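A.B. asks: Based on what follows, work out the 3D shape:
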Amino acid sequence: MRVLHVITGLGIGGAEQQLRLMLRKLPTDSDVVTLTNPGAVARGIVADGVRVRDLAMTGNRDLGALPRLTGLVRRGQYDLVHTHLYRACLYGRFAARLAGVRAVVATEHSLGDAQIEGRPLSSGARALYLAGERLGTATVAVSATVARRLERWGVRRDRIHVVPNGIEVDRFAYDDAARRDARKRLGLPQDAFVVGGVGRLTGGKRFDTLVRAVSDLPDARLLLVGEGAEHVRLQRLAYVRGAADRILLHGACQDPPPDAYTGSGTGTGSPAADPADGPDLPALLAAMDVFVSTSHDEAFGLAIVEALAAGLPVLHVTCPALADLPAEAAPGARQITGNVPELIAELRRFQEAARGPGVHRLPVPDAARHYDISHSAEQLMAVYENALRGPAPTREVSCP
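C.D. replies: This is a model prediction of the structure:
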C-alpha cells in the first residue's frame, strides 16, 4: 500500500512526532509532504528512511500550493492520502481528490473545547473544516473525547474512527543512571526535588501557574521541556518572583532523537541533530520527581501518558487519554483544578515524600500499556483498509 502523509509542518510538536512514531510501525510504503517548515522532525523521519518533501508554502492563502501538491499526489500514484493538522487537511483533501485518489484519511490531532491548533472555534473555521471533511473518506480522532467534539461540530458519526496517540512504552522505563546523567548535564543537584512539565510554551498550557507554584516552594526546582511564544514571559516571571535560578526552561526535545544519517538519497538533505546535544525525553522524565500538566484544554494528553510510563506521579487538570479509561488504569494520576494554592499544597506533599531515601517511582500503569504505539498502528491500518474498500466520499470534485 502506497500512502502519502501530508502535514502542515515538521517542527517539534506532538502531532509531528506522533507521525514519525507511526511511520516506524506502519507496514506501508510511505512518503511525507510538509506544507512548510521541514524542521527537526523532518530530519528524523528522513533518518528513519522515509522521504520528506517540502512544499515551501508561504502562508495560509498560498493557493499556488494546491496545484503543486496535486501534481505530487498524481505522480506518486498513491493508494491513499493521509492528512494531519488543519491547513494540511484542507489542502491535502482537495489535492487528493483532484489527483484522483479516492481513499483520503485525516487525523484530527488538536481539536479542543475552545480551540483547534490555537485557532478559536469560530463559525468560519467550522464551516471551512466541514467543507474539507466531506471530501475525505474517514476522519481519525486521537481520543474518544475528540470524536465527540467532531460529532458536535457536524462530522457524521459513521465517518469518525478513534485511533489514539501512542508511545513506545518500554523506552520510557526509569533508569537511575540516566537520571544522574541528565541532572548533571542540566545543572540540577542530585538531591533536588524537581517538578516537571512538557509541552509547547503557549498561554493555553498555563505554565505560568506552575512557575508561580514552584517559586513559592523553597528548594524546589522546575524543569519545563518545550519551546514557544511564552518562553520570555515565563523567564521574566521566574525572575520577578525571585526563582530564576530554580526554573529551568530546557527548550524543545525531539523524541525519539534522530539517528545519524549521511543525507544521501531523497529527503530534506540536512544533517540530523546529534543525540549527544542533550538528554532525550525519557532521561528528562527520569530527572523529574513529579509531573504536572496545567492545561485546561487538551485533545489527548500524550505527555501525561509518557510521564506515567516513566513511573512518575502525575497531577493534571484535564487528560482525555485518561478520561477514556477506568480510574484504576492510572492510579498514579490525580486530577486537580490547577489554581496556584492547590498546586503548592499538592507539590509540598510530594516534596516531603521525596525527602526519604532513594528515588520514588511507580509501576508502569495499565494506561501506559494501553496506548502502546504498535496497537495504534494496527488500528490505523484497519482504517486504511476500510477506506480503500469503502464507499465514495459524500461530495465529488471534478478534475479540471
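
A.B. asks: quick one: residue 348 is in a strand?
C.D. replies: No. Using DSSP: H, G, I helix; E, B strand; the rest coil, the assignment for residue 348 is helix, not a strand.

A.B. asks: Tally up the residues packed near it, please.
C.D. replies: 16 (other CB atoms under 10 Å). C-beta here means a position set from N, CA and C on the backbone, and glycine is covered the same way.

A.B. asks: how near is it to residue 193?
C.D. replies: 10 Å (CB to CB, to the nearest Å).

A.B. asks: and for those two, which residues touch both?
C.D. replies: residue 217 (CB atoms under 8 Å, 6 or more residues apart in numbering).

A.B. asks: Residue 343 and residue 214, how far apart?
C.D. replies: 8 Å.

A.B. asks: Residue 316 too?
C.D. replies: According to CB to CB, residue 316 and residue 214 sit 16 Å apart.

A.B. asks: Of these two, give the one with the bigger neighbour count.
C.D. replies: residue 214 (26 against 23).

A.B. asks: Give me the mean pLDDT for the host helix or strand of the more buried one.
C.D. replies: Element membership of residue 214, judged by DSSP states H and E, is helix 207-215. What helix 207-215 shows for mean pLDDT is 97.

A.B. asks: cool, stretch 140-154 as well?
C.D. replies: 92.

A.B. asks: from the middle of its chain, how far away would that stretch be?
C.D. replies: 17 Å (CA atoms, centre = their mean, to the nearest Å).

A.B. asks: now swap in stretch 41-61 and tell me
C.D. replies: 17 Å.

A.B. asks: how many neighbours does residue 120 have?
C.D. replies: By the other CB under 10 Å criterion, the neighbourhood of residue 120 contains 9 residues.

A.B. asks: what's next to the helix ranked longest in the chain, contact-wise?
C.D. replies: Across the chain, the longest stretch assigned as helix under DSSP state H is helix 373-389. With contacts defined as CB under 8 Å, 6+ apart, helix 373-389 is touched by 1, 3, 21-22, 24-28, 79-80, 82, 103-105, 137-138, 140, 161, 163-168.

A.B. asks: List the buried residues of it.
C.D. replies: Buried residues in helix 373-389, counted by 16 or more other CB atoms under 10 Å: 373, 376-377, 380-381, 383-384, 387.

A.B. asks: quick one, helices of the stretch 151-300 of the chain?
C.D. replies: Secondary structure of the stretch 151-300 of the chain (DSSP state H, counting those that start in this stretch): helices located at 176-186, 207-215, 231-240, 281-286.

A.B. asks: could I get those helices as JSON lines with distance to residue 71?
C.D. replies: Output for these, formatted as JSON lines (distance: least, CB to CB, whole Å):
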{"stretch": "helix 176-186", "distance to residue 71": "46"}
{"stretch": "helix 207-215", "distance to residue 71": "42"}
{"stretch": "helix 231-240", "distance to residue 71": "39"}
{"stretch": "helix 281-286", "distance to residue 71": "37"}
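
A.B. asks: Between those, which one is closest to residue 35.
C.D. replies: Proximity to residue 35 (CB to CB) singles out helix 231-240 among the helices of the stretch 151-300 of the chain, at 24.7 Å.

A.B. asks: Which elements pack onto the closest one?
C.D. replies: helix 207-215, strand 247-251 (3 or more CB pairs under 8 Å, 6 or more residues apart in numbering; DSSP states H and E).

A.B. asks: Deepest in the core, which of these is it.
C.D. replies: Highest mean neighbour count among those (mean count of other CB atoms under 10 Å): helix 207-215, with a mean of 23.

A.B. asks: where does this protein dip in pLDDT?
C.D. replies: 259-277, 391-400 (pLDDT under 70).
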